[in-house]
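Colleague: Could you work out the structure for the sequence below:
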Amino acid sequence: MSVTALTAFGGTPARAESAPPVNTRVWTTTAQPKITPEKPSSRNKRIALGHVVQRSWNLKEFRCLDNLWTKESNWNHRARNRSSGAYGIPQALPAGKMRGAGSDWRSNPETQIRWGLAYIKGRYGRPCGAWGHFRSHNWY
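Modeller: The predicted model follows:
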(Lines give C-alpha, C1' and ligand atoms only; values in the text may rest on other atoms or scores of the structure.)
Protein backbone atom coordinates (compact mmCIF):
# COMPACT_ATOMS: atom_id res chain seq x y z
CA MET A 1 0.00 0.00 0.00
CA SER A 2 1.37 3.40 -0.87
CA VAL A 3 1.99 6.23 1.60
CA THR A 4 -0.87 8.17 -0.05
CA ALA A 5 -3.29 5.24 0.42
CA LEU A 6 -2.27 4.87 4.07
CA THR A 7 -2.88 8.56 4.73
CA ALA A 8 -6.26 8.46 2.91
CA PHE A 9 -7.48 5.67 5.21
CA GLY A 10 -6.25 7.37 8.36
CA GLY A 11 -3.06 5.32 8.65
CA THR A 12 0.40 6.64 9.12
CA PRO A 13 3.29 5.63 6.93
CA ALA A 14 5.74 3.23 8.57
CA ARG A 15 9.17 4.56 9.21
CA ALA A 16 12.15 2.42 8.34
CA GLU A 17 13.87 2.99 11.69
CA SER A 18 10.83 1.72 13.66
CA ALA A 19 10.60 -1.64 11.88
CA PRO A 20 11.20 -4.67 14.12
CA PRO A 21 14.52 -6.47 13.69
CA VAL A 22 14.58 -9.50 11.42
CA ASN A 23 15.29 -12.82 13.16
CA THR A 24 18.25 -14.41 11.43
CA ARG A 25 18.59 -17.54 13.61
CA VAL A 26 18.37 -20.94 12.02
CA TRP A 27 16.54 -23.68 13.89
CA THR A 28 18.04 -27.13 13.84
CA THR A 29 16.92 -30.42 15.32
CA THR A 30 18.36 -33.84 15.88
CA ALA A 31 14.95 -35.50 15.70
CA GLN A 32 14.61 -38.13 13.01
CA PRO A 33 11.42 -39.16 11.23
CA LYS A 34 9.82 -42.32 12.60
CA ILE A 35 9.11 -43.68 9.11
CA THR A 36 11.94 -44.00 6.65
CA PRO A 37 10.57 -43.88 3.10
CA GLU A 38 11.62 -46.79 0.96
CA LYS A 39 11.29 -47.27 -2.76
CA PRO A 40 8.84 -50.15 -3.28
CA SER A 41 10.48 -53.31 -4.53
CA SER A 42 7.97 -54.29 -7.21
CA ARG A 43 6.76 -52.43 -10.28
CA ASN A 44 3.14 -52.78 -9.22
CA LYS A 45 3.84 -51.28 -5.80
CA ARG A 46 5.70 -48.36 -7.41
CA ILE A 47 2.70 -47.70 -9.66
CA ALA A 48 0.39 -47.75 -6.63
CA LEU A 49 2.67 -45.45 -4.63
CA GLY A 50 2.51 -42.92 -7.46
CA HIS A 51 -1.30 -43.03 -7.39
CA VAL A 52 -1.36 -42.72 -3.60
CA VAL A 53 0.85 -39.63 -3.82
CA GLN A 54 -1.39 -38.14 -6.55
CA ARG A 55 -4.34 -38.48 -4.15
CA SER A 56 -2.33 -36.65 -1.44
CA TRP A 57 -2.49 -39.67 0.84
CA ASN A 58 0.50 -40.18 3.14
CA LEU A 59 2.97 -43.02 3.56
CA LYS A 60 0.85 -44.59 6.31
CA GLU A 61 -1.98 -44.98 3.79
CA PHE A 62 0.39 -46.65 1.34
CA ARG A 63 1.51 -49.07 4.04
CA CYS A 64 -2.11 -49.98 4.77
CA LEU A 65 -2.66 -50.52 1.03
CA ASP A 66 0.49 -52.62 0.84
CA ASN A 67 -0.71 -54.82 3.72
CA LEU A 68 -4.17 -55.17 2.18
CA TRP A 69 -3.14 -56.05 -1.34
CA THR A 70 -0.29 -58.27 -0.17
CA LYS A 71 -2.91 -60.35 1.69
CA GLU A 72 -5.38 -60.26 -1.21
CA SER A 73 -3.16 -61.00 -4.21
CA ASN A 74 0.47 -60.52 -3.24
CA TRP A 75 0.37 -57.68 -5.82
CA ASN A 76 -0.09 -60.18 -8.66
CA HIS A 77 -2.20 -58.58 -11.41
CA ARG A 78 -3.15 -62.05 -12.70
CA ALA A 79 -4.17 -63.47 -9.30
CA ARG A 80 -7.48 -65.34 -9.42
CA ASN A 81 -9.44 -66.82 -6.55
CA ARG A 82 -10.71 -70.17 -7.84
CA SER A 83 -13.60 -70.39 -5.42
CA SER A 84 -15.00 -66.85 -5.70
CA GLY A 85 -13.72 -65.66 -9.07
CA ALA A 86 -12.13 -62.51 -7.57
CA TYR A 87 -9.37 -61.24 -9.84
CA GLY A 88 -6.33 -58.99 -9.98
CA ILE A 89 -4.39 -56.95 -7.48
CA PRO A 90 -7.48 -55.64 -5.66
CA GLN A 91 -9.33 -58.98 -6.03
CA ALA A 92 -12.39 -57.39 -7.63
CA LEU A 93 -15.56 -59.47 -7.32
CA PRO A 94 -16.95 -59.93 -9.84
CA ALA A 95 -13.78 -59.37 -11.79
CA GLY A 96 -15.58 -57.60 -14.63
CA LYS A 97 -16.25 -54.60 -12.37
CA MET A 98 -12.78 -53.37 -13.32
CA ARG A 99 -13.94 -53.02 -16.95
CA GLY A 100 -15.04 -49.47 -16.09
CA ALA A 101 -11.41 -48.46 -15.46
CA GLY A 102 -10.19 -49.65 -18.85
CA SER A 103 -10.57 -52.39 -21.42
CA ASP A 104 -7.13 -53.74 -20.49
CA TRP A 105 -8.20 -54.55 -16.91
CA ARG A 106 -7.26 -58.24 -17.21
CA SER A 107 -3.59 -57.57 -18.01
CA ASN A 108 -2.72 -54.02 -16.95
CA PRO A 109 -1.76 -53.59 -13.28
CA GLU A 110 -2.14 -49.80 -13.50
CA THR A 111 -5.77 -50.13 -14.60
CA GLN A 112 -6.43 -52.51 -11.71
CA ILE A 113 -4.71 -50.18 -9.24
CA ARG A 114 -6.71 -47.17 -10.46
CA TRP A 115 -9.93 -49.13 -10.12
CA GLY A 116 -8.94 -50.52 -6.71
CA LEU A 117 -8.05 -47.12 -5.27
CA ALA A 118 -11.31 -45.61 -6.56
CA TYR A 119 -13.22 -48.49 -4.96
CA ILE A 120 -11.39 -48.01 -1.65
CA LYS A 121 -11.98 -44.24 -1.70
CA GLY A 122 -15.68 -44.67 -2.43
CA ARG A 123 -16.33 -47.38 0.14
CA TYR A 124 -13.79 -46.78 2.94
CA GLY A 125 -12.40 -43.28 2.32
CA ARG A 126 -8.77 -44.32 2.52
CA PRO A 127 -6.63 -47.47 2.40
CA CYS A 128 -6.31 -47.62 6.20
CA GLY A 129 -10.10 -47.75 6.42
CA ALA A 130 -10.15 -50.69 4.02
CA TRP A 131 -7.29 -52.39 5.88
CA GLY A 132 -9.11 -51.96 9.19
CA HIS A 133 -12.25 -53.52 7.72
CA PHE A 134 -10.22 -56.38 6.27
CA ARG A 135 -8.61 -57.07 9.64
CA SER A 136 -12.02 -57.21 11.31
CA HIS A 137 -13.93 -59.19 8.65
CA ASN A 138 -11.25 -60.86 6.49
CA TRP A 139 -12.62 -59.13 3.38
CA TYR A 140 -13.01 -55.59 2.09
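Colleague: Can you list the low-confidence ranges for the protein?
Modeller: Residues of the chain that meet the criterion pLDDT under 70 lie in 1-21, 23, 26-37.
Colleague: all strands for it, in order.
Modeller: Applying DSSP state E to the chain gives no strands.
Colleague: what residues are up against the residue lying closest to residue 73 once chain neighbours are set aside?
Modeller: In this structure, residue 73 finds its nearest non-sequential neighbour in residue 79, 3.7 Å apart by C-beta to C-beta, 6 or more residues apart in numbering. For the C-beta atoms, the positions are set from N, CA and C on the backbone; glycine is no exception. Residues in contact with residue 79 (C-beta atoms under 8 Å, 6 or more residues apart in numbering) are 72-73, 87-89, 91.
Colleague: from those residues, which is closest to residue 134?
Modeller: Within the contacts of residue 79, the smallest distance to residue 134 is 8.1 Å, found for residue 72 (C-beta to C-beta).
Colleague: Can you give me the neighbour number for the closest residue to that closest one other than its chain neighbours?
Modeller: Distances taken as C-beta to C-beta, 6+ apart place residue 91 nearest to residue 72, at 4.3 Å, with adjacent residues excluded. By other C-beta atoms under 10 Å, the residues close to residue 91 number 22.
Colleague: ok, now residue 72?
Modeller: Residues contacting residue 72 under the criterion other C-beta under 10 Å number 21.
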